[in-house]
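[1] got a sequence here, can you build the structure:
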Amino acid sequence: MADGHTITIEQVDRRVRVVHGDRVLARSERPLVLRETGCPDRYYLPPEDVRLDLLTPSATRTYCPFKGTASYWSLPDAADLVWAYPDPKPDVAAIKDHLCFYDAEVS
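    Next comes the predicted model:
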């Protein structure tokens, strides 16, 4: 990583639940937490724990010099709410295909 920039990823033993409006979009007991310099902790969830049937792929793509290119998914009332790295950089390979939400409840 660049000078002073670090990313750590670890499996954590906690429940993560993602709710938007009155819908539960995801529940996971096996999230990965990604901690990155200057950013809030983010939970990356296995795709099996996410209601992919409620999400629509977006044309949005963003590039992070540390993680790679992210793909996004939307809800009808929430554009680009979810993202994942289908081909992440080697240093963050653990998050491959895991999904991350802008807001997640941790219980």
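
[2] hey, let's count contacts and neighbours off CA atoms from now on
    OK.

[3] and stretch 60-69, how far from the chain's centre?
    On the basis of CA atoms, centre = their mean, to the nearest Å, stretch 60-69 sits 13 Å off its chain's mean C-alpha point.

[4] what about that stretch, how long is it end to end?
    Taking CA to CA, to the nearest Å as the measure, stretch 60-69 stretches 10 Å from start to finish.

[5] now stretch 68-88
    End-to-end distance of stretch 68-88: 5 Å, with CA to CA as the criterion.

[6] also stretch 25-36?
    Stretch 25-36 has its terminal residues 24 Å apart, counting by CA to CA.

[7] begin at 30, not 1, for the rest of this chat.
    OK, 30 is where the count begins now, so the last one is stretch 54-65.

[8] burial count for the closest residue to residue 104 other than its chain neighbours?
    Once flanking residues are discounted, residue 104 sits nearest to residue 84: 5.5 Å by CA to CA, 6 or more residues apart in numbering. Residues contacting residue 84 under the criterion other CA atoms under 10 Å number 19.

[9] could you do residue 115 as well?
    For residue 115, the tally of surrounding residues (other CA under 10 Å) stands at 16.

[10] didn't residue 132 look like it was pressed against residue 50?
    No: assessed by CA atoms under 8 Å, residue 132 is found out of contact with residue 50, at 11.5 Å.

[11] for residue 120, see how far away residue 79 is.
    For residue 79, the distance to residue 120 equals 24 Å [CA to CA].

[12] equivalent analysis for residue 40, please.
    Distance check for residue 40 against residue 120: by CA to CA, it reads 15 Å.

[13] for the residue nearest to residue 83 when sequence neighbours are not counted, give its distance to residue 32.
    Using CA to CA, 6+ apart and skipping the chain neighbours, the partner closest in space to residue 83 is residue 104 (7.0 Å). Per CA to CA, residue 104 is found 37 Å from residue 32.

[14] higher neighbour count, the two?
    Using other CA under 10 Å as the criterion, residue 104 and residue 32 rank with residue 104 on top: 15 against 5.
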